[in-house]
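> What would the 3D arrangement of this be:
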Amino acid sequence: MYYFGEPEIWLPWAFAALMGLSILIYVILDGFDLGVGLLMPLANDLEKDRLVSSIGPFWDANETWLVLAVGLLLVAFPPAHGVILTSLYLPVFVMLIGLILRGVSFEMRAKAPLKQKPLWNWAFFAGSLMASSSQGFMLGMYIMGLTWTLPHVAFALLTAVFLTVGYSFIGAAWLIWKTEHDLQVRAIGWAKGGIWGLILGIAAVSIATPFVSTRIFDKWFIWPEFAYLSLLPIVSGALVVFLWWKLARLPLTSDRWSWTPFAAATALFALAYVGMAYSFYPYIVPERITIYEAASAPESLFIILIGTLFVLPAILGYSILSYYIFRGKATDLRYD
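Numbers count the residues shown, from 1 in each chain. Below is the predicted model of the structure:
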């Protein structure tokens, strides 16, 4: 426990990094399958089956990363867990209802009578909308310090809209990669419309975050940190230009480079997340509780870390294996 220095320092940092990684993986992986659900009303009946087929092998496993992140928050940072979930009780409730509705509708649309299938398609869309918008609302409230004032709620509602559109964009980028022919062409059109939500959402978070506190403002705008951080908007801007250029030229013959919009969208989400993590570190509850103040006892964290080192590779290995097995284009949906 003492091999890496003071356990009171490196253990909270290690758990914050593991929790942050879990949240980032969840946002990207569950983001695209929530996005596919958000695009359901834009597809015809045959395309809806292909949309569901494109995420069928992955969607439930993607949510494992959310469970892992919340579990790490509970066992590693109990005081922060209490403050965050108490402040966000209502949007968390809405998110859970949405995720449950998605799971039920995903199964029922395959087993219900044909005339009831449109109802479950709309339920799948509604669950996706509830989950994505509530996550965007929670993001906005977290940035604003988890205080329920009218301006903060208004900002959270704005981020709810932007994250929902951003999820629809990464969902469309996933469909560009996983589908072909007419549906792929339609997904390219959806991505062209959704990219604006992603751009505006990242811009809104980037502009608002430095003004949350003077501490964050100083971290962003003092030298030489400003020079290092300027790489984030520069690279993000380059990725946006690349995305716009690539979407204007897809699809290419032999389906070349169809994976690039999804890769670029993933990179954009990751860059925005890195900037936000840098801004709020070392606070886990913005401007109130640091990771070191909220951390459990080092002895407890060390035992939990041993277990995490077994659980995390298992989840990661299963995820990689499932994506490898079901690589390639989505096929017709079958339940036999």
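
> contacts and neighbour counts: CA atoms only from here.
OK.

> chain center to the strand or helix carrying residue 197, what's the gap?
Following DSSP states H and E, the helix or strand that holds residue 197 is helix 181-208. Average the C-alpha atoms of helix 181-208, do the same for its chain, and the two points are 15 Å apart (CA atoms, centre = their mean, to the nearest Å).

> Contacts for the following helix or strand past that helix next, please.
Toward the C-terminus, helix 181-208 is succeeded by helix 214-221 as the next helix or strand (DSSP H and E). The set of residues external to helix 214-221 that reach it, using CA atoms under 8 Å, 6 or more residues apart in numbering, is 209, 210, 211, 225, 226, 229, 279, 280.

> Try it again at 6 Å.
Counting by CA atoms under 6 Å, 6 or more residues apart in numbering, helix 214-221 makes contact with 210, 226, 279, all of which sit outside it.

> list the buried ones in that helix?
For helix 214-221, burial by neighbour count (16 or more other CA atoms under 10 Å) applies to 216, 219, 220.

> quick revisit: for the contacts of helix 214-221, please prepare JSON lines with the additional fields neighbour count, pLDDT and distance to residue 70.
What follows is these, written out as JSON lines (neighbours: other CA atoms under 10 Å; pLDDT from 0 to 100; distance: CA to CA, whole Å):
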{"residue": "210", "neighbour count": "20", "pLDDT": "78", "distance to residue 70": "26"}
{"residue": "226", "neighbour count": "13", "pLDDT": "80", "distance to residue 70": "32"}
{"residue": "279", "neighbour count": "23", "pLDDT": "85", "distance to residue 70": "21"}
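
> tell me the mean pLDDT for the helix holding residue 197?
Per-residue pLDDT values across helix 181-208 average out to 85.

> now the helix ranked longest in the chain and helix 181-208, what's the angle there?
Using DSSP state H, we find that the single longest helix of the chain is helix 7-38. Calculated by axes from the mean of the first three to the mean of the last three CA atoms, to 10 degrees, helix 7-38 forms an angle of 140 degrees with helix 181-208.

> for helix 7-38, packing partners?
Packed against helix 7-38, as judged by 3 or more CA pairs under 6 Å, 6 or more residues apart in numbering; DSSP states H and E, are the following elements: helix 64-76, helix 117-143, helix 150-178.
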